[in-house]
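Engineer: Next come a sequence and a model predicted from it.
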Amino acid sequence: MPEREEPVASKELPGKRVRLRPLRAEDAEPLFEAVESSREALKRWLAWVPGAAAAADEAAFLRRVDEEDSRGESSVWGLVEARTGVLVGVVSLGSLAPAERARGRLGVWVRADRRSRGYATEGARILVEHAFRKLGLHRVFSRIDPTNRAGRRVLRKLGFRYEGRLRDDWKINGRWIDHECWGLLKTDWKK
């Protein structure tokens with residue numbers, strides 16, 4: 001990957017209905033409110049949800065995000081509804097690997113009351129474009145619960161290919177779940 005002179009998530013990335021912007025310390029409360037309003041839906045897919053019990057937990061998360069971003073390990077963005085300016089979710093690239101591997105793991109979640117509007121797809125598309133064109137990644141991948149049909153639709157719309165299944169890969173809510181592995185190469189990316 002090219003040398004980074006500034007944090008990975010340092011500028012706004014515009015879209016039609018959503019925009020991505022770096023998360024800030026003052027996002028702790030709205031981020032917690034988004035998680036809290038969507039807790040039942042989110043906890044099915046995301047292991048960290050039970051630990052997000054207060055705005056202080058989100059503040060700690062934002063500090064970790066800032067540290068990881070400054071080290072080039074992740075790129076975590078607020079997903080903002082363009083019309084209202086409301087923080088409606090998060091889109092991220094995690095597990096950013098050094099130049100010899102040039103890859104990152106895509107993650108996205110949208111608060112329950114803003115689902116089915118195409119925000120996850122648009123936000124993920126913006127970040128994948130950024131990953132390939134600005135960060136110089138060769139590959140973006142994602143791992144999803146096999147029962148996450150909405151997540152699978154987002155990945156398919158972006159051109160990701162199903163690459164396999166990891167059995168009992170992650171423990172969520174006291175049970176082991178499989179993960180489907182999906183990947184997209186820069187050479188396969190189409191805007």
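Structural biologist: Sure thing, it's come through. Numbering: from 1, shown residues only.
Engineer: Report the buried residues of the lowest-mean-pLDDT helix or strand in the chain.
Structural biologist: None of the helices or strands of the chain scores lower by mean pLDDT, DSSP states H and E than helix 39-43, at a mean of 75. Within helix 39-43, the residues that count as buried by 16 or more other C-beta atoms under 10 Å are 41, 42, 43. C-betas here are computed from N, CA, C, even on glycine.
Engineer: before we move on, what about stretch 181-189?
Structural biologist: Quick answer for stretch 181-189 (16+ other C-beta under 10 Å): 181, 182, 183, 184, 185, 189.
Engineer: Please, which helix or strand holds the third one?
Structural biologist: Read that as residue 183. strand 175-185 (DSSP states H and E).
Engineer: Quickly run through the sheet partners of that strand, with directions.
Structural biologist: strand 139-144 (antiparallel), strand 161-172 (antiparallel) (DSSP bridges).
Engineer: For residue 13, give me phi and psi.
Structural biologist: Main-chain dihedrals, residue 13, degrees, to the nearest 10: phi -120, psi 110.
Engineer: which residues does it bridge with?
Structural biologist: Under the criterion used (DSSP bridges), residue 13 bridges to residue 20.
Engineer: pLDDT below threshold where in this protein?
Structural biologist: Applying pLDDT under 70 to the chain flags residues 1-10, 45-53, 191.
Engineer: re earlier: now the strand holding residue 183, how far from the chain's geometric center?
Structural biologist: 14 Å (C-alpha atoms, centre = their mean, to the nearest Å).
Engineer: ok, residue 152 - contacts?
Structural biologist: Residue 152 sits next to 144, 180, 182 when contact means C-beta atoms under 8 Å, 6 or more residues apart in numbering.
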